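Novice: The following comprises the amino acid sequence and a computationally predicted model.
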Amino acid sequence: MIYVIKEIVRDHIQNKAQIIRLAKADLFKTYRGAALGWAWAVIKPCVTIAAYWFAFSVGLRKGSEVAGYPFILWLIAGIIPWFYMSEMLTQGTDSLRRYSYLVTKMKFPISTIPTFVSLSKMFINSIMILIVIIIFWISGFPPTIYYLQIPFYLLLDLIFFTLWAQFSSLLAAVSKDFANLVKSFVTAIFWFSGVLWDAKSIKISWLRKLLYLNPITFLINGFRDSFINKVWFFDQLNLLKYFSIITLFMFVLVIVSYKKLRRDIPDVL
């Protein structure tokens with residue numbers, strides 16, 4: 001077990017420059033060939049946000065203010081982080097198959113591939129978070145001291161979903177059924193994770209606690225606590241503890257699966 005951890009850490013340290021270059025290449029690969037290029041990184045989420053805003057505010061007439069903020073601001077504070085999470089659930093899971101040539105032809109370390117894919121997606125996510133800050137400011141809600149914890153939640157986001165990609169990409173490499181299973185559950189995860197509704201509004205205590213065992217719910221509400229609710233992460237240490245335990249469990253899954261599958265992956269791909 002210790003040897004596997006050392007191997008993964010060594011691969012990342014020795015290939016840190018290549019990881020950064022490949023993360024940049026993944027960014028360009030995503031938008032290469034499109035007439036609008038990088039604009040799609042903003043256009044796509046904006047169209048999705050507009051659709052949800054129209055459905056809830058105009059169609060269902062459920063777009064009242066939340067904690068003194070317009071519904072649209074409450075919506076984007078949670079849904080923008082979700083775009084990174086959803087991409088990691090799908091593209092993170094497919095990362096080894098998508099970049100199989102790095103493993104089969106270049107003998108590139110397997111563990112580093114999900115990492116540079118995650119960094120690539122987080123770069124776009126960070127830009128979108130900056131845009132959210134600007135939108136809040138223009139709307140009459142300037143930055144507050146609670147914004148200082150946004151980088152903390154971004155870091156937790158990056159760590160958890162990089163670990164997820166490390167684990168899921170290994171299983172998806174040996175089983176396409178696993179990748180298809182993950183994709184089929186993304187929509188359900190979206191609706192059950194409090195992206196479009198406030199998990200804190202659940203009155204049943206045990207159910208609310210159960211929902212917070214979902215790392216996505218914790219992270220989504222963390223960003224909303226920073227933008228809207230004005231709650232520090234250290235005021236909710238129990239929730240942070242739950243998230244840390246789940247993240248540690250995910251780390252163990254990564255080590256176990258990597259130990260068992262790393263030698264078989266080149267042949268499978």
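Specialist: Yep, that arrived.
Novice: From what I see, Tyr153 and Gly222 are in contact.
Specialist: Yes: checked against CB atoms under 8 Å, the pair Tyr153 and Gly222 is within contact range at 4.3 Å. Backbone N, C-alpha and C define where each C-beta goes, glycine included.
Novice: Comparing these two, which shows the higher neighbour count?
Specialist: Gly222 (26 against 21; other CB atoms under 10 Å).
Novice: what sits up against the helix or strand harbouring that one?
Specialist: Using DSSP states H and E, Gly222 maps to helix 215-224. The set of residues external to helix 215-224 that reach it, using CB atoms under 8 Å, 6 or more residues apart in numbering, is 74, 77-78, 80-82, 85, 129, 149-150, 153, 156-157, 160, 189, 193-195, 199-200, 211-212, 229, 233, 239-240, 242-243, 246-247.
Novice: sorry, back to before: show me the common contact partners of Tyr153 and Gly222, please.
Specialist: Phe233.
Novice: Tell me which residues touch the spatially closest residue to Met128 that is not a sequence neighbour, please.
Specialist: Excluding its sequence neighbours, the residue lying closest to Met128 (CB to CB, 6 or more residues apart in numbering) is Ile80, at 4.9 Å. With contacts defined as CB under 8 Å, 6+ apart, Ile80 is in contact with 45, 125, 128-129, 131-132, 223.
Novice: Then Gln236?
Specialist: By CB under 8 Å, 6+ apart, the residues touching Gln236 are Asp225.
Novice: Could you rerun that using 10 Å?
Specialist: 212, 218, 221-222, 225, 242-243 (CB atoms under 10 Å, 6 or more residues apart in numbering).
Novice: Redo those residues as CSV? Include distance to Val117 and pLDDT.
Specialist: Shown next, in CSV, are those (distance: CB to CB, whole Å; pLDDT from 0 to 100):
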residue, distance to Val117, pLDDT
Tyr212, 27, 80
Phe218, 23, 93
Asn221, 26, 92
Gly222, 23, 93
Asp225, 28, 93
Tyr242, 27, 91
Phe243, 22, 93
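Novice: from these, which single one is nearest Lys260?
Specialist: Phe243 (26.3 Å; CB to CB).
Novice: biggest helix in the chain, by residue count?
Specialist: helix 112-138 (DSSP state H).
Novice: So Ser168 is in contact with Phe185, correct?
Specialist: No: taking CB atoms under 10 Å as the definition, Ser168 is not a contact partner of Phe185, at 11.4 Å.
Novice: which two of the contacts of Gln236 lie the greatest distance from each other?
Specialist: Asp225 and Tyr242 (15.2 Å).
Novice: and the helix or strand following the helix holding Gly222 with helix 215-224, angle?
Specialist: Next helix or strand after helix 215-224 toward the C-terminus (DSSP H and E): helix 237-261. Between helix 237-261 and helix 215-224, the angle comes out at 140 degrees (axes from the mean of the first three to the mean of the last three CA atoms, to 10 degrees).
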